[in-house]
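Trainee: mind looking at a prediction? Sequence and model below.
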Amino acid sequence: MYDSAKTQIKKLNQLYKQQDELYHDFAVRFGVSDTALWILYSICSSEGPSTQYDLANAWFFPKQTVNSAIARLEKAGIISLVPLPGTRNRKNVVLTESGTAFCARTVIPLLDAEERALSRLNDAERQTFLGLMEKQFRCLKEEMTKTEAE
């Protein structure tokens, strides 16, 4: 099907970009930035509260990008910042009542669609898929680190 590593890399990166575009179009459809979508995604799929710092680290966004998206979400009444007891300036990012309703129309259906899509692969396929993605990422990171050192 694919004859060389170069061709396969091109196809892999095109697939990554296509998937990224799906999420971007989804965010645009609901009037939020890509970063805001991932913040809401994280809040809706998380077991517990998250701070701005947690969100930036979890999604590999610059802190300022997260701060800007949170400021817009807060201004829109979708989230609020709740001070963490015992800290000077750390705050949990929590959904407001309006934010919960917004997420019920947007992020929750997205999470459900992702689950349905991945469930179309059997368990062995999912394990293989995730394992290979993790391995490819580790190998790419190692190769890029070698390139930096040269």
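Mentor: Great, that's in hand.

Trainee: domains of the chain?
Mentor: 5-119, 121-150 (automatic domain parsing).

Trainee: most tightly surrounded among those domains?
Mentor: Each of the domains of the chain was given a mean neighbour count from mean count of other C-beta atoms under 10 Å, and the largest, a mean of 15, is that of domain 5-119. To be clear about C-beta, it is placed using only N, CA and C from the backbone, and glycine gets the same treatment.

Trainee: how far off centre is that domain?
Mentor: Average the C-alpha atoms of domain 5-119, do the same for its chain, and the two points are 6 Å apart (C-alpha atoms, centre = their mean, to the nearest Å).

Trainee: low-confidence ranges in this structure?
Mentor: Residues of the chain meeting the criterion pLDDT under 70: 1-2, 150.

Trainee: what's next to the helix or strand where residue 53 lies, contact-wise?
Mentor: In this structure, residue 53 sits in helix 52-59 according to DSSP states H and E. For helix 52-59, contacts defined as C-beta atoms under 8 Å, 6 or more residues apart in numbering pick out 35, 38-39, 42, 50, 61-63, 65-67, 70, 81, 90-91, 93.

Trainee: what do you get if the cut-off is 10 Å, keeping everything else the same?
Mentor: Applying C-beta atoms under 10 Å, 6 or more residues apart in numbering, the set of residues contacting helix 52-59 from outside is 34-35, 38-39, 41-43, 46, 48, 50-51, 61-67, 69-71, 81, 90-93.

Trainee: in helices, which of these appear?
Mentor: Judged by DSSP state H, the contacts of helix 52-59 include 34-35, 38-39, 41-43, 63-67, 69-71 as members of helices.

Trainee: so which of those comes closest to residue 9?
Mentor: For residue 9, the nearest member of these is residue 34. The distance, counting by C-beta to C-beta, is 23.9 Å.
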